[in-house]
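1. Need coordinates for the following:
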Amino acid sequence: MDFHKPPHIVLLSSPGLGHLIPIIELAKRFIIHHKFNLTILAVTSQTSHAESQILKSATNSSLYTIIQIPSPNISSLLPTSATVSTRLSVTMRQAIPSIKSALTNTPLPPSALIVDIFGTESLTLAQELNIPKFIYVASHAWFLSLIVYSPILDKQIEGQYVDQKEPLKIPGCKPVRPEDLIDSMLDRNDSQYKESLIVAEKFPESDAVLVNTWDELQQREVKALTNGELSGVLKVPVFAVGPLVRQPESETGQLKKPVIIQWLDKQPRESVIFVSFGSGGTVSYEQMKEIAFGLELSEQRFIWVVRASTGGGVDTAFFTTGSSSFNDELDEIRKHLPEGFEERNKKVGLLVQNWAPQVTVLKHPSIGGFITHSGWGSVLESITNGVPMIAWPLYAEQRMNAALLVEELGVAVRTTVVPGKNVVGREEIASLVRNVFLLEQNGKRNHVRERVREIKISAEKALSQGGSSYTALSEVANMIVHKHRFY
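-> Numbers count the residues shown, from 1 in each chain. The predicted structure is shown next:
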């Protein structure tokens with residue numbers, strides 16, 4: 001190993017935009033601020049158009065090398081009813097031989113390996129190479145606390161978690177209500193629960209854990225993990241290095257302004273509600289109709305990213321091939337919208353099929369609110385652009401995220417019923433939209449709008465030189481450099 005060259009970090013991403021994008025953004029921070037060499041090993045889903053577009057753009061980057069690893073065929077290993085979480089875990093386990101081959105054949109010898117939460121079983125490969133190994137949690141510190149503590153909860157609590165009368169207590173953290181639990185903990189008999197425990201038990205085998213939040217945002221949880229009640233459970237350091245989010249130029253790849261941005265340019269400041277449920281979320285056609293009526297009733301301008309319902313659950317678009325043609329899918333969506341909806345709203349609304357350049361949209365001054373599935377990446381993109389949210393959680397850890405946004409951070413409002421399991425009515429949707437856009441409520445300044453702007457400033461400080469997240473990532477870089485020099 002040439003110790004005079006900068007360290008070479010290899011980052012491993014599991015399939016899906018929600019995993020790939022945070023890995024890419026972490027890579028950029030190491031390159032820009034520490035001049036490291038970077039290789040990204042991306043296990044691909046081979047079904048997501050948005051993921052393929054991001055990979056295409058990333059492959060052309062001069063900053064880092066990206067190596068795509070096709071997902072192994074796991075159809076014979078799992079029933080068709082297996083959850084997304086289970087499929088990801090099994091996919092990454094079966095991909096280990098390919099990951100090992102890619103890791104040991106990179107142009108430069110690796111100096112460290114960083115894996116996402118579904119890649120924890122690949123930590124053994126770093127052990128074999130005697131290089132530092134890290135887990136990057138692209139979510140928040142409360143989520144990390146629940147994962148870390150879950151093996152203890154598994155021993156403490158009998159029966160199903162969802163049947164508990166009291167919230168689940170996590171030392172040093174806000175308790176988690178049964179209805180806000182992550183998907184993998186909803187049924188302890190399901191394979192995804194067993195897979196989540198395997199992930200949790202791998203954390204102490206790392207050299208440190210990176211988490212996509214910042215100290216000032218979640219001081220209590222970060223303290224519990226670093227030197228508080230949970231540090232003895234985790235047994236390795238935790239570094240809050242966020243918020244790591246995309247920049248607009250990294251998602252469009254176009255010289256010409258997209259149509260969606262041209263449309264936004266013509267709208268008044270903070271007048272548009274953006275509606276998007278992420279790259280893997282769908283809603284039923286019944287719910288789609290209620291959203292349409294709700295947007296109309298709110299009398300607010302809107303951009304709505306629509307996706308045909310898969311009929312198989314709110315997260316099944318994650319592994320959907322999208323074999324139908326563009327026009328067929330759009331025709332199917334239109335059949336389920338209220339009659340005359342598009343015609344009545346052509347001056348104040350824009351329907352976009354399947355995907356939009358979300359960061360570019362959220363950064364636009366015409367955007368004043370965001371109806372979001374509450375995926376942590378989307379949440380951070382909204383916060384860092386000062387956009388208040390209507391939390392519409394669908395799957396994974398999104399119910400937990402929504403509780404954090406509404407009850408702890410005060411940057412969002414949420415529906416009275418859990419979306420996905422229930423249909424949210426048009427009147428409630430209209431009311432939530434109107435409330436987010438009000439400058440004042442009951443004679444007082446709108447707390448949600450004020451709070452998200454405060455947190456935006458906090459995020460900028462954390463990432464700036466000398467800020468908490470900048471310093472935390474520098475400490476991780478120093479750990480890698482030290483091992484690189486004295487290996």
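2. Doesn't residue 146 belong to a strand?
-> No: counting by DSSP: H, G, I helix; E, B strand; the rest coil, residue 146 is not found in a strand; it is helix.
3. shouldn't it be in contact with residue 182?
-> Yes: in this structure, residue 146 is within contact of residue 182 by C-beta atoms under 8 Å, at 6.8 Å. (Glycine included, C-beta is placed from N, CA and C.)
4. Next, show the common contact partners of these two.
-> residue 400 (C-beta atoms under 8 Å, 6 or more residues apart in numbering).
5. List the residues that contact residue 108.
-> 5, 8, 37, 39.
6. Kindly give the local confidence score, pLDDT, for it.
-> For residue 108, the pLDDT comes out at 92.
7. quick check, it in a strand?
-> No: Residue 108 is assigned coil when assessed by three-state DSSP, not a strand.
8. re earlier: ok, and the most crowded of the contacts of residue 108?
-> residue 8 (22 neighbours; other C-beta atoms under 10 Å).
9. so it makes contact with residue 111?
-> Yes: counting by C-beta under 8 Å, residue 8 does reach residue 111; the two are 5.0 Å apart.
10. and residue 369, which of the three is it?
-> Classified using three-state DSSP, residue 369 is strand.
11. measure it to residue 433 for me?
-> To residue 433, residue 369 is 7 Å away according to C-beta to C-beta, to the nearest Å.
12. So for these two, which sits in the more crowded spot?
-> A direct count of neighbours by other C-beta under 10 Å for residue 369 and residue 433 places residue 369 higher, at 29 against 23.
13. Verify the contact between the more buried one and residue 273 for me.
-> Yes: counting by C-beta under 8 Å, residue 273 is a contact partner of residue 369 at 4.5 Å.
14. where do the contact lists of the two overlap?
-> Shared contacts of residue 369 and residue 273, counting by C-beta under 8 Å, 6+ apart, come down to 300, 433, 436-437.
15. Pick the one among those residues closest to residue 460.
-> residue 436 (22.5 Å; C-beta to C-beta).
16. Now do the contacts for residue 477.
-> Counted by C-beta under 8 Å, 6+ apart, residue 477 has contacts 30, 33-34, 36.
17. Which residue ranges of the stretch 1-150 of the chain form strands?
-> 8-13, 37-44, 65-70, 112-115, 133-137 (DSSP state E, counting those that start in this stretch).
18. between those, which gets nearest to residue 351?
-> When the strands of the stretch 1-150 of the chain are compared by C-beta to C-beta, strand 37-44 sits nearest residue 351, at 28.7 Å.
19. what's the farthest-apart pair in the contacts of residue 477?
-> Top of the distance list for those (C-beta to C-beta): 33 and 36, 9.0 Å.
20. which residues do residue 369 and residue 433 both contact?
-> In contact with both residue 369 and residue 433: 273, 300, 390, using C-beta under 8 Å, 6+ apart.
21. Quick check: the gap between the second one and residue 134.
-> Taken as C-beta to C-beta, the spacing of residue 300 relative to residue 134 amounts to 43 Å.
22. These two: who's more crowded?
-> Set residue 300 next to residue 134 and count neighbours by other C-beta under 10 Å: residue 134 wins out with 24 against 20.
23. these two touch, right, that one and residue 476?
-> Yes: if you go by C-beta under 8 Å, residue 134 and residue 476 touch, sitting 7.0 Å apart.
24. list residues touching both of the two?
-> 208, 210.
25. For residue 292, state which of the contacts of residue 108 is nearest.
-> Distances from residue 292 to the contacts of residue 108, taken by C-beta to C-beta, are shortest for residue 39, at 45.1 Å.
26. so what pLDDT did the closest one get?
-> So residue 39 comes in at 96 (pLDDT).
27. For it, name its beta-bridge partners.
-> residue 10, residue 65 (DSSP bridges).
28. Run through the residues that contact it.
-> Per C-beta under 8 Å, 6+ apart, neighbours of residue 39: 8-11, 64-67, 106-108, 110.
29. which one of these is nearest residue 352?
-> Among those, and counting by C-beta to C-beta, the member closest to residue 352 is residue 66, at 27.2 Å.
30. wouldn't that closest one be in contact with residue 54 here?
-> No: assessed by C-beta under 8 Å, residue 66 is found out of contact with residue 54, at 10.0 Å.
31. what about the strands in the stretch 251-400 of the chain?
-> Under DSSP E, counting those that start in this stretch, the stretch 251-400 of the chain gives strands at 272-276, 301-306, 349-353, 367-372, 389-391.
32. Next, format those as JSON lines and append distance to residue 361.
-> Formatted as JSON lines, these follow (distance: least, C-beta to C-beta, whole Å):
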{"stretch": "strand 272-276", "distance to residue 361": "6"}
{"stretch": "strand 301-306", "distance to residue 361": "7"}
{"stretch": "strand 349-353", "distance to residue 361": "9"}
{"stretch": "strand 367-372", "distance to residue 361": "6"}
{"stretch": "strand 389-391", "distance to residue 361": "14"}
